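*Asks:* dropping a prediction and its sequence here:
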Amino acid sequence: MSYKQHFPIFETNKELVYLDSAATTQKPKQVIDAVTKFYEEENANIHRGLYNLSIEATKKYEEARKIVAEFINADENEIIFTSGTTNSINLLVYTIDSLTWTEKEKGKNEIVLSEMEHHSNLVPWQQLAKHFGYKLKFIPLTNNFELDYNKAKEIITDKTAILSITHISNALGTINNVKQLITLAKQKNPNIITIIDAAQSIQHMKTNVKDLDCDFLAFSGHKTYGPMGIGILYGKKPILEKLRPFYFGGDMITSVTLDNSEFQNPPAKFEAGTQNIASVIAMAEAIKFINNIGLSKIQQHEQELKIYALTKLKQIKDIAIYHSPNIENTSSIISFNIKGIHSHDLASLLNDYNIAIRAGHHCCMPLMSALGISGTARISFGIYNTKDDIDKLCNALIKIREVFEK
Ligand SMILES: Cc1ncc(COP(=O)(O)O)c(C=O)c1O
């Protein structure tokens with residue numbers, strides 16, 4: 001059975017081979033319907049209205065929070081709606097001094113990231129470091145495209161104030177052992193703040209924030225079969241209580257005078273102004289969609305596709321694949337180059353076959369520098385992909401390579 005039937009885009013574009021789910025997933029009908037239904041039948045602003053439409057919209061918005069919380073084993077008050085992973089991380093960068101200031105006064109001013117971070121989990125921290133006197137340190141990679149856990153033991157020290165790491169590399173597909181890093185970090189400095197960028201993991205593997213023991217975790221709706229413009233920031237309740245709000249304005253206050261304002265408890269204190277209500281509600285539908293199939297089934301399907309794709313890609317002449325040989329530690333993302341063909345050329349030529357892949361640095365320029373390349377061609381799978389998609393890709397790649405060889 002193909003899961004394509006749940007996704008209207010494959011009905012309107014029957015020949016589409018979509019291999020760019022790491023950039024954004026396609027949307028199942030139930031998610032699209034939830035957005036349409038909201039605007040056609042349920043549209044009202046939340047929290048303030050005393051009429052039925054507003055009361056119902058508020059109920060659905062808060063129900064969505066519960067669904068997201070259950071999905072990652074959090075408490076509903078620990079879920080903040082943002083506009084995406086980038087927004088979630090920026091929220092932290094702008095406010096984290098309210099958690100780390102005292103530690104910083106004691107000389108704990110190191111921020112540890114890895115060399116495989118997406119720019120979203122690098123550029124904001126660079127700005128914090130530049131303007132507020134933090135020092136950035138990076139966990140390097142091994143030759144297997146994995147994090148070097150031995151080096152991590154030296155890099156994370158008792159001076160580390162913040163550890164922010166991607167769960168899965170969007171360029172390599174490597175699954176990082178974030179739990180091990182968090183445990184190590186808390187041993188070195190019990191007051192360290194730990195953050196997981198879960199943009200590429202949440203839709204592929206079961207996430208349990210209590211088990212991971214992370215302080216924060218960020219992800220995007222649009223990469224998780226949900227709509228664009230919605231993201232999540234999970235934070236541990238006692239930490240959210242201490243964290244300063246980022247945006248200020250309506251809905252996040254309890255009382256305001258001309259001189260002062262009192263703020264609501266989390267999560268409301270982080271959700272100023274009108275939120276993307278339709279997308280929050282549709283995000284809950286995306287999670288229901290995932291839950292109905294089951295994450296273990298999704299993972300199994302994608303792992304099978306990955307193994308099939310790796311086997312077939314390896315048969316293509318002059319291909320270099322940037323993928324850990326420990327495939328149980330990798331997700332359904334494969335990066336590669338074919339000798340003599342720029343990845344951008346590959347992507348545009350594949351477009352002629354109606355095959356959508358991503359090419360370039362994947363918002364990981366430092367990672368590409370570490371690998372000594374300017375970019376890669378990247379394929380990434382969703383639940384709708386099939387072995388037939390991979391066959392079409394590999395056949396097209398063989399033909400393109402032959403043209404370049406002539
Ligand atoms: C690992 C990782 N982090 C963060 C982001 C940024 O996500 P968004 O653009 O939805 O904010 C991405 C997007 O590709 C990503 O792959």
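*Replies:* Yep, it's here. Numbering: from 1, shown residues only.
*Asks:* contacts only, for the closest residue to the ligand within the stretch 251-400 of the chain.
*Replies:* Of all residues in the stretch 251-400 of the chain, the one sitting closest to the ligand is C363 (6.1 Å; CB to the nearest ligand atom). Placement of C-beta: from N, CA and C, glycine included. In this structure, C363 makes contact with 118-120, 170, judged by CB atoms under 8 Å, 6 or more residues apart in numbering.
*Asks:* any regions of this protein where pLDDT drops low?
*Replies:* Counting by pLDDT under 70, the chain contains low-confidence residues at 1.
*Asks:* next to the ligand, which bits of it? Give me the list.
*Replies:* With CB under 6 Å from any ligand atom as the criterion, the chain comes near the ligand at residues 84-86, 118, 120-121, 166, 170, 197, 199-200, 220.
*Asks:* and the furthest pair within those?
*Replies:* Within those, G84 and T166 form the most distant pair, 14.7 Å apart (CB to CB).
*Asks:* more neighbours: those two, which one.
*Replies:* Applying other CB atoms under 10 Å to G84 and T166 shows that T166 carries more neighbours, namely 30 against 22.
*Asks:* can you map out the helices along the stretch 201-350 of the chain?
*Replies:* 209-212, 237-242, 277-293, 295-314, 343-351 (DSSP state H, counting those that start in this stretch).
*Asks:* point out the most buried one among the ones you listed.
*Replies:* helix 277-293 (a mean of 22; mean count of other CB atoms under 10 Å).
*Asks:* tell me what that one is packed against?
*Replies:* With contacts taken as 3 or more CB pairs under 8 Å, 6 or more residues apart in numbering; DSSP states H and E, helix 277-293 sits against helix 29-37, helix 52-71.
*Asks:* in TSV: the ones you listed, plus mean neighbour count and distance to D318.
*Replies:* Compiled in TSV, the helices and strands packed on helix 277-293 are given as follows (neighbours: other CB atoms under 10 Å; distance: least, CB to CB, whole Å):
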stretch	mean neighbour count	distance to D318
helix 29-37	17	40
helix 52-71	17	43
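*Asks:* bridging residues for the residue of the stretch 201-350 of the chain found nearest the ligand?
*Replies:* Here the residue of the stretch 201-350 of the chain nearest the ligand is S220; by CB to the nearest ligand atom that distance is 3.3 Å. Applying DSSP bridges to S220 yields these beta-bridge partners: G231.
*Asks:* contacting residues for it?
*Replies:* If you count contacts by CB under 8 Å, 6+ apart, then S220 has 84-86, 199, 230-232 around it.
*Asks:* closest one to Y61 out of the residues you listed, please.
*Replies:* For Y61, the closest of the contacts of S220 turns out to be I230, at 11.3 Å, with distances computed as CB to CB.
*Asks:* any idea how far that closest one lies from I195?
*Replies:* Note on I230: its distance to I195, by CB to CB, to the nearest Å, is 19 Å.
*Asks:* domains for the protein, by residue range?
*Replies:* The record's domain split for the chain, according to automatic domain parsing, is 3-19+294-405, 32-291.
*Asks:* ok now the last one, how far from the chain's centre?
*Replies:* In this case it means domain 32-291. Computed by CA atoms, centre = their mean, to the nearest Å, the chain-centroid distance of domain 32-291 equals 10 Å.
*Asks:* check the shortest one too.
*Replies:* For domain 3-19+294-405, the separation from the chain centroid amounts to 19 Å (computed by CA atoms, centre = their mean).
*Asks:* circling back to that earlier point, what would the residues of the chain next to the ligand look like in TSV with secondary structure?
*Replies:* As requested, these are exported to TSV (DSSP: H, G, I helix; E, B strand; the rest coil):
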residue	secondary structure
G84	coil
T85	helix
T86	helix
H118	coil
S120	helix
N121	helix
T166	strand
N170	coil
D197	strand
A199	coil
Q200	coil
S220	strand
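*Asks:* I9: which of those is nearest?
*Replies:* Within the residues of the chain next to the ligand, proximity to I9 (CB to CB) peaks at S220, which comes in at 18.5 Å.
*Asks:* quick one: that closest one from T86, how far?
*Replies:* Remark: distance between S220 and T86 (CB to CB) = 8 Å.
*Asks:* now do the shared contacts for the two.
*Replies:* Between them, S220 and T86 have G231 as joint contacts when contacts are counted by CB under 8 Å, 6+ apart.
*Asks:* so how do I select the buried members of the contacts of C363 in PyMOL?
*Replies:* In PyMOL, the members of the contacts of C363 classed as buried (16 or more other CB atoms under 10 Å) are selected with the following command:
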select buried, resi 118+120+170
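*Asks:* could I get the contacts of C363 as TSV with distance to E304?
*Replies:* Converted to TSV, these look like this (distance: CB to CB, whole Å):
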residue	distance to E304
H118	26
H119	31
S120	30
N170	21
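*Asks:* which among the contacts of C363 gets closest to T58?
*Replies:* After measuring those against T58 - CB to CB - the closest member comes out as S120, at 30.5 Å.
*Asks:* residues in contact with the residue lying closest to that closest one once chain neighbours are set aside?
*Replies:* Counting by CB to CB, 6 or more residues apart in numbering, the nearest residue to S120 once its immediate chain neighbours are dropped is T86, at 4.4 Å. Contacts were defined as CB under 8 Å, 6+ apart; by that measure T86 touches 120, 220, 231.
*Asks:* gap between T86 and L122?
*Replies:* From T86 across to L122, the span is 11 Å (CB to CB).
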